[in-house]
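Engineer: sequence and predicted structure below; questions after.
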Amino acid sequence: MALKDFMNKRISDFAVMYIKLHRFHWFVEGPLFLPMHEKYEELYDEMTGLLDEFAERLLSIGGTPASTMKEYLNLAEIKEEGNEVTPKDIFNTLIKDYTLMTEELKKGIAIAQGEDDESSADLFIGTITTFEKHVWMFKQSVK
C-alpha cells in the first residue's frame, strides 16, 4: 500500500473515532459520569488534533486527505457500532479500537520508511506511544 493511501485510512479511522468518542461523552451516565465525561472529551479533542496533523502531513507530501463521512466510512478500519451502554462495554470497545489503530500504525512505519519518509514514520511512532498508554489505562479500568 502506498503511504498516501495508508494515511487516508488512518485519517478515516480518526474521524470515525472522533464521532464514537463524542457519543460516549454524550451518553455516559452513572457513578463514573464526571470523570468519564471529562476523559471522553479529552480523547475526542486529542483525536481532532491527530486528524488535523495527519491530514496536514498528507497534504505536505502531495496527497489529498479524505474529507467526507462517506469517504471516512468507506476507508476506515474502525467501525461504527452504537450498542455500547455500560462503562465496561465502552472500555472494551476502546481497547479494541485503539489496539487496532496501534497495529495499523505499526504497519505504517515500514510503509513510510520504504518511501524514505522518516517524518511520517516518526509521527506514527509518537501516536503509537499515546495509543498504547490509552489501551493500558482502559484495560486497568475493566479489571
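Structural biologist: That came through, no problem.

Engineer: what about the residue of the chain positioned farthest from its centre, distance to L105?
Structural biologist: Going by C-alpha atoms, centre = their mean, the residue of the chain most distant from its centre is P31, 26.4 Å out. For P31, the distance to L105 equals 34 Å [C-beta to C-beta, to the nearest Å]. C-beta: built from backbone N, CA, C; applies to glycine.

Engineer: with V16 instead?
Structural biologist: V16 is 15 Å from L105, by C-beta to C-beta.

Engineer: now swap in T93 and tell me
Structural biologist: Remark: distance between T93 and L105 (C-beta to C-beta) = 18 Å.

Engineer: so between the two, which is more surrounded?
Structural biologist: Under the criterion of other C-beta atoms under 10 Å, the comparison of T93 against L105 puts L105 first, with 23 against 18.

Engineer: quick one: the helix or strand hosting that one to chain centroid distance?
Structural biologist: Assessed by DSSP states H and E, L105 sits inside helix 87-114. Helix 87-114 sits 7 Å away from the centroid of its parent chain (C-alpha atoms, centre = their mean, to the nearest Å).
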